[in-house]
Structure formats: structure tokens, C-alpha cells
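[1] sharing a model that was predicted from the sequence below.
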Amino acid sequence: MSSTTTSHIPVLEKEVIEYLNIRPGGIYIDATLGGGGHSSSILRRAGREGIVLGIDKNPEAIALGEQLQKEARENDWGKLDLKQGNFADIVAHAASCQIEACDGVLFDIGLSSDLLYSQKGFSVYDETSLDMRFGGEGEITAQDIVNHSDEADLVFMFSHFGEEPYSKTIARAIVAQRERTPFSTAADLSSVIKYAIPKKAVEKGKHPA
């Protein structure tokens with residue numbers, strides 16, 4: 001793993017490198033840059049003629065990527081291009097970097113440990129602002145959603161996006177609580193969820209939120 005500062009450990013790094021079959025001078029896209037661990041490994045193996053396009057919606061991930069760019073230059077690894085945005089726009093991001101074809105694409109889908117410890121409200125134990133934005137400015141926060149969405153909209157989000165069987169119970173509890181005190185932290189929200197879900201439905205040792 002790169003010495004670039006990050007708490008995120010890339011998953012299945014050995015397997016990723018094996019199945020991408022990195023070749024010297026190859027072009028690769030890391031569609032979920034995160035802490036840059038996978039991109040670092042690809043850059044080192046692709047060599048000085050190699051290219052990696054790193055995409056991430058989180059500006060903090062892009063900042064880490066800029067550190068990795070510097071490290072790559074200092075060590076004569078491949079070139080790292082960075083694009084802040086959604087991986088759904090991968091074709092447009094690639095085109096903006098004059099990439100028409102590539103040798104491999106990596107999607108590391110999921111929430112990284114960097115985000116869990118970012119104090120942006122991604123952890124159920126987080127006492128900081130209920131933010132939960134990947135991209136930052138200009139986007140609606142989780143705090144806005146739980147404090148202002150209609151109960152029916154909350155039910156829809158929880159059931160369709162979270163596949164939550166107790167979506168109606170949770171939505172009802174959220175609306176009742178916010179009438180008394182608006183939600184401000186992830187811990188506030190997780191506490192309400194904890195008591196809204198029947199104990200018999202909670203797997204032992206796991207937080208219901």
C-alpha cells in the first residue's frame with residue numbers, strides 16, 4: 001500500500017491486481033478512488049508510461065489523490081489523472097482526459113473506513129453533524145432529509161433504497177421525535193431507530209441502525 005496518508009485499507013488488493021492483470025504502459029480507471037490504495041498499486045505496476053484515472057465524489061479523496069500524484073512523480077510511477085464526480089459519469093470523465101479505451105476498470109463499491117471516521121455522520125455512534133454527503137457543498141444533507149421530508153417519503157426511501165422491512169415504523173418514530181427535538185447528529189438518529197425496531201428483529205451483537 002502507498003505511504004499516502006489514509007486509514008482505508010484497500011479490499012482484496014492482491015486479487016484486484018491479479019485479475020486486472022496490470023501491464024506496463026496500460027491505462028486503468030479506478031472509479032472509486034477512496035484512499036488511493038488500489039490506484040497506488042496499479043500505478044507502481046503500470047510503470048512510467050502507465051495511466052490511471054481516479055474518480056471520486058468525495059473532495060477529501062481527491063485531496064488524497066493529489067498527494068498520490070506527487071508520490072507517483074517522485075517515484076517515477078505512472079501518471080494519475082483525477083476527476084471529482086460520480087462514477088455514473090465515467091464515460092464523460094474518461095473522455096475529458098482523452099481516454100477512449102482502457103485495459104481495466106475497478107469499482108470498489110461500499111463505504112470506506114475513511115468516511116466512517118470522517119465525522120460527517122456516517123457512523124451510528126457519531127455525535128457530529130448529520131451530514132452524510134459524499135460531495136460536500138451544494139447537496140442536501142441527511143439532517144435536512146430526516147427533519148423535513150414527509151413521512152411517506154421517508155418510508156419510500158427506507159424501503160426502496162435501504163430495503164428496510166420496518167421502514168414505516170422507523171419513519172413514524174422519526175416524525176414523532178423531530179416534532180419534539182430536530183435531529184442534529186447521527187447518534188440522535190440511530191438512537192431513535194434503535195428503539196423503533198423490535199428487539200426480536202435485531203441480530204445479536206449488531207446495532208439496529
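    Okay, I see it.
[2] centroid-wise, who is the farthest residue in the chain?
    The outermost residue of the chain relative to its centre, with distances by Cα atoms, centre = their mean, is R180 at 32.0 Å.
[3] would you confirm that K168 contacts F156?
    No: judged on Cβ atoms under 8 Å, K168 makes no contact with F156 at a distance of 10.4 Å. In this view, the C-beta of every residue, glycine as well, is placed from N, C-alpha and C.
[4] ok, then the element right after the lowest-mean-pLDDT helix or strand in the chain?
    Lowest mean confidence among the helices and strands of the chain (mean pLDDT, DSSP states H and E): helix 113-116, at a mean of 59. Stepping forward along the backbone from helix 113-116, the first helix or strand reached (DSSP states H and E) is helix 142-148.
[5] ok, and for that following helix, which residues are buried?
    Within helix 142-148, the residues that count as buried by 16 or more other Cβ atoms under 10 Å are A142, Q143, I145, V146, N147.
[6] now the longest helix that the chain contains: mean pLDDT?
    In the chain, with assignment by DSSP state H, the single longest helix is helix 59-75. Taken as a whole, helix 59-75 carries a mean pLDDT of 93.
[7] buried residues, that helix. List them.
    Residues of helix 59-75 classed as buried: E60, A61, I62, L64, G65, L68, Q69, E71, A72 (neighbour count, 16+ other Cβ under 10 Å).
[8] what does the model give the closest residue to the fourth one other than its chain neighbours for pLDDT?
    This points to L64. Sequence neighbours aside, G36 is the residue nearest to L64 in space, at 5.2 Å (criterion: Cβ to Cβ, 6 or more residues apart in numbering). The predicted structure scores G36 at 92 on the pLDDT scale.
[9] hang on, the earlier thing: which one of the buried residues of helix 59-75 sits closest to R172?
    For those, the closest approach to R172 (Cβ to Cβ) belongs to E60, at 35.1 Å.
[10] distance of that closest one relative to F134?
    With the distance defined as Cβ to Cβ, to the nearest Å, E60 ends up 10 Å from F134.
[11] and L53, backbone torsions?
    phi -100, psi 120 (degrees, to the nearest 10).
[12] measure it to R133 for me?
    L53 is 23 Å from R133, where distance means Cβ to Cβ.
[13] pLDDT below threshold where in the protein?
    Applying pLDDT under 70 to the chain flags residues 1-9, 111-124, 126, 135-138.
[14] recalculate using a threshold of 80.
    Across the chain, the stretches falling below the confidence threshold (pLDDT under 80) are 1-11, 110-128, 133-139, 205, 207.
[15] all set, thanks.
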